Structure formats: structure tokens, C-alpha cells
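Q: Sequence and predicted structure are below.
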Amino acid sequence: MQINWSAIAQHIETATGQSFNSPIAESVSGGDINSAYRLVSENRRFFVKLSSPDRLAMFEAEAVGLHALAQTATLRVPKLVVCQKTSDHAFLVLEHIPLYNPTPAADKLLGQKLAEMHRQKQAYFGWHRNNTIGSTLQINSPSHDWLSFWQQQRLSPQLALAAEHGHNGQLQVLGNKLCTGLKKLFIGYQPQPALVHGDLWRGNVGADQQGNPVIFDPACYFGDRETDLAMSELFGGFSPAFYQAYQATYPLAPGYASRKTLYNLYHILNHLNMFGQSYLHQAESMLRTLLADLEYINEKP
């Protein structure tokens, strides 16, 4: 479908109060869900994400998440320019930040600043609005009980969606069994509601020209800070400097290794629901690992 760049440019002009004539759109890597472009006119450039008009709410939630992260004054995030739609597309226009691969020094700073960000607390888990994880609806209804929140608003919806996609059998048997025993993974540990990025993997982190870490594409809410650390390990992980700096700034509690698998199960189930069968074996394997951990806890004197 042809993109009405002129209409998008007009929205940028209105938002910035500056002219933005005859922009040139350059396609850039933007993930598997939306298309992304660098929009250039004279000496000004912006980063633009496009999707179908019915996905405007997804971009609006992302914009609110970026604002929430920026308000912590910890890590750099792209500034919002405008979030709107034309008759053919929803679009999110952000500050264009040239990104580079993070150095160990940038990863160290990322670990320190993420730990500081995780000290931003509120009285309940969840958020003031729903958002998406990838393209999947992520419910964030407020709750004072982390286990109930994680089971009812993270695991159970993903398992139900998997069943709708035909993934029944062992996945559902193992998933239901896990849900009944979750409490044992939190013996001696009481998570506090921390502001989390929500989708913190290497693909959503870069470094600017000065070597400062930059984070983007959030799926924010207030939850257990360990969810961000777990996600950071899921697809290749960050450098040791990141984890060492985080631990030195805000040490993790005992039992993280098991909870990490629990938290990453959510993302693997989501990948199963978005991308299909290739993630089924990994999801079932993670469920078996978690159930084995529960059995071990049961056997401890």
C-alpha cells in the first residue's frame, strides 16, 4: 500500500512548529511487526514506525511507555514527536538517534542505570493502561498480589491463546500444573512493584554517538524487576559488564535462576502465539524445568 508521506510530514510540522518539506523515506530495520523508516528532509530526520490504522492504540501505549521511562531520568530513550494515523496507516514518529553496537562500557552503564530505574516504585503491580508485548495484548490491571498478577495477566492468557491456536496436549497439562504451584518459587521473596521496560532484549538496546545506552520499544508496567533481567538473558544476553554492574548496584535475591525461567516462559509462549510451532518444544521444556524445580522444593527438608 502506498504511504502518504505528505500527510505524515504535515503532522510532524504541526507537532514541531517547523517546516518539513518533501521528505525522503529510507527503509530501516524495525522488527517483525511494524515497518520502520528514517524520514529525512534537509537537515532534519525522524524515525517513523508504521502499522495498520487499527493499531494506533499500540503506538499510543508505546509512546506513553517511552515517556514513563524518560521521566525516571536514568536511561536515554527516543523523544516522542507525534503519534497519529492517516486513512491508511497508524504511525509513531520519534527522535532519530543514530545507534551503534554497545561497548562493554555502555553495557556497564546500562546495568547501573537500569538498576536505578528499577528503584522507581509505586503501590501496585500493573499500569494505568494496557499495552502490547509484540503484537499481543498485554493486560495491566492493577493488583497488589504479584503471583495473581503474573498468573492471571501473563501466563494464563498466553496459555489460553495457545489453546486457541491449537497448541493443546502437554503444553496445557504442564501449564495448568505449574500455575497451581507457583507460590513455591517465591518462598522468602517478595517482589516490589518496579517500573520495568517489559521487553528488554539486545534488539531493543543500542548506544548513541557518545557511547550512552539507549533503550526503546518498551512494554512498560510496574512488576518484579527480575522480569527485565530475565528477558535480557533470553536471546543471546548482554555482556558480563552489564550483569556485574547491575548486581553491584542492586543485587538480585536468591532463587532468581528459577524465577528467570518462569518469567521467560511468558515471552516464549508469546513467540509461540505470534510465530508458531517452532517455539512449542522450548515452551514445554521450560515448563518441565520449572515443575522439576517445584519437585525439588517439595523434597527439601
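A: Perfect, I can see it now.

Q: From here on, just use CA atoms for contacts and neighbour counts.
A: Noted.

Q: quick one: the strands in the stretch 101-250 of the chain?
A: With strands called from DSSP state E, counting those that start in this stretch, the stretch 101-250 of the chain shows them at 131-133, 136-138, 194-196, 205-207, 213-215, 221-223.

Q: and of those strands, who's closest to Gln71?
A: The minimum distance between Gln71 and those falls on strand 194-196, with 10.9 Å, by C-alpha to C-alpha.

Q: quick one: average pLDDT of the closest one?
A: pLDDT averaged over strand 194-196 equals 98, rounded to a whole number.

Q: Now do that strand: everything it contacts.
A: The set of residues external to strand 194-196 that reach it, using C-alpha atoms under 8 Å, 6 or more residues apart in numbering, is 117-122, 220-225, 227-228.

Q: So which of those residues sit within helices?
A: Restricting the contacts of strand 194-196 to those inside helices, with DSSP state H as the criterion, leaves 117, 227-228.

Q: ok, so of the contacts of strand 194-196, who is nearest Leu94?
A: Of all these, the one with the least separation from Leu94 (C-alpha to C-alpha) is Cys220, at 17.4 Å.

Q: residues near the closest one, how many?
A: For Cys220, the count of nearby residues is 27 (other C-alpha atoms under 10 Å).

Q: when you give positions from now on, start the count at 366
A: Sure, I'll start numbering at 366, so the last one becomes Cys585.

Q: Can you report phi and psi for it?
A: Comment: the main-chain dihedrals of Cys585 come out as phi -70, psi 150, following degrees, to the nearest 10.

Q: now it: how far from Met482?
A: According to C-alpha to C-alpha, to the nearest Å, Cys585 stands 12 Å off from Met482.

Q: and if you look at Gly546?
A: Between Gly546 and Met482 the distance, using C-alpha to C-alpha, works out to 31 Å.

Q: quick revisit: any chance of the strands of the stretch 466-615 of the chain in TSV, plus mean neighbour count and distance to Ser416?
A: What follows is the strands of the stretch 466-615 of the chain, written out as TSV (neighbours: other C-alpha atoms under 10 Å; distance: least, C-alpha to C-alpha, whole Å):
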stretch	mean neighbour count	distance to Ser416
strand 496-498	21	14
strand 501-503	16	14
strand 559-561	26	25
strand 570-572	21	22
strand 578-580	23	21
strand 586-588	26	23
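
Q: nearest to Ala390, of these?
A: Ranking these by distance to Ala390, with C-alpha to C-alpha as the measure, places strand 570-572 first at 21.9 Å.

Q: Contacts for the closest one next, please.
A: So strand 570-572 is in contact with 464-468, 471, 578-581, going by C-alpha under 8 Å, 6+ apart.

Q: Please list only the buried members of the residues you listed.
A: Members of the contacts of strand 570-572 that pass the buried threshold by neighbour count (16 or more other C-alpha atoms under 10 Å) are listed as 465, 467-468, 471, 578-581.

Q: Thank you kindly, that will do.
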